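Asker: how would this look folded up:
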Amino acid sequence: MKTLQERLPERALVAGCGDIGQRVARRLRDLGREVTAIVRDRQKADALRAQGIATRLEDLDAPRDAGEWPLVFWFAPPSTGDLRDARLRGWLAAQRGPVARLVYISTPAVYGDCGGRWIDEDEPIAPRSERGRRRADAEQALRDWQAAGRGEVVILRVPGIYGPGRLPVERLRQRLPVLRAEESPYSNRIHADDLAEAALHAAVHGRAGRAYHIADGTPTTMADYFTRCARLLGLPEPPQVSYEEARRVLTPAMWSFMEESKRLRVERMRGELSFTPRYPDLRTGLPACLASPTPHEEEGVS
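Answerer: Numbering: from 1, shown residues only. Below you'll find the model as predicted:
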């Protein structure tokens, strides 16, 4: 049986080269693949080229045809003008060269609130938040694109990402509150290095048109996560407040996470993608985050 390295195509394009995009790009480079990143900032382009990663200067909101690609990773965030992802839709419409396969990072927010239930990828889509609706729109755009014979799509529904440089340091320093443990929603997570590796497995093993939960499979509450981070970093544990008080003091963006609770099953990831996370829980994953001397805020929770 061919290995992951043997099955990856020789060339790949990464659209949205933030932290995860750069991790995937470096991993592809280390595996001997030709990788190109779409960026719009020249300084970032110079930094990537210094790492052996080719770049394509482009504003994704003014897309151009990217040409022929056997593999595309789309990690760019949705546009925020309305509840549709005009950025992705515009890029797909601009493509004339064939794209064999596109791996897309979505979010479990497409399910809305599940009352803390365990769910798999067959759970009906019912987004409540704006971020969930935009990602649901993007997923539909990609399925339509695949149905039109434009290329294969693999969707990764990714919850909160943590890792070196991605811990809630400032939030803890500011002593921002969290919901008390007994009222705190369930929160699913994945270490950044595991997500990058899972994306490569999805590129090779993912079934066209399928969605996959990419999580460590050990959900905890959000109160538990922030408390563990505080202990790891030697910071005071965040104050815990009631549901009603949290609703008054939390920002609308943070509150939207409080209104959704779910636990993600990951059997499909383990079976079909042949991927097992290196960090199966926060107990093993959080200590590995101290490799970064300058941690900053994580990008999301779900």
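
Asker: Now the phi/psi pair for Phe75, please.
Answerer: Dihedral pair for Phe75: phi -110, psi 10, per degrees, to the nearest 10.

Asker: phi, psi of the closest residue to it other than its chain neighbours?
Answerer: Distances taken as CB to CB, 6 or more residues apart in numbering put Gly16 closest to Phe75, at 3.5 Å, once the chain neighbours are dropped. Glycine gets a C-beta too; all of them are placed from N, C-alpha and C. When read as degrees, to the nearest 10, the backbone of Gly16 gives phi 100, psi 80.

Asker: for the one 5 residues further on, same thing?
Answerer: Dihedral pair for Gly21: phi -60, psi -40, per degrees, to the nearest 10.

Asker: ditto for Ala138
Answerer: phi -60, psi -40.

Asker: My guess is it contacts Pro77. True?
Answerer: No: Ala138 is beyond contact range of Pro77, at 10.0 Å (criterion: CB atoms under 8 Å).

Asker: Neighbour count: those two, which is higher?
Answerer: Ala138 (28 against 17; other CB atoms under 10 Å).

Asker: pLDDT value on the nearest residue to the more buried one once chain neighbours are set aside, please?
Answerer: Counting by CB to CB, 6+ apart, the nearest residue to Ala138 once its immediate chain neighbours are dropped is Asp85, at 4.0 Å. At Asp85, the model reports a pLDDT of 96.

Asker: now swap in Thr80 and tell me
Answerer: Taking Thr80 on its own, its pLDDT is 86.

Asker: Isn't it up against Arg134?
Answerer: Yes: with contact defined as CB under 8 Å, Thr80 and Arg134 form a contacting pair (7.4 Å).

Asker: Between those two, which has more neighbouring residues?
Answerer: A direct count of neighbours by other CB under 10 Å for Thr80 and Arg134 places Arg134 higher, at 27 against 12.

Asker: I'd guess that one is in a strand, am I close?
Answerer: No: Arg134 sits outside any strand when classified using DSSP: H, G, I helix; E, B strand; the rest coil, being helix.

Asker: ok, Thr221 - contacts?
Answerer: Ala181, Ser184, Pro185, Tyr186, Ser187 (CB atoms under 8 Å, 6 or more residues apart in numbering).
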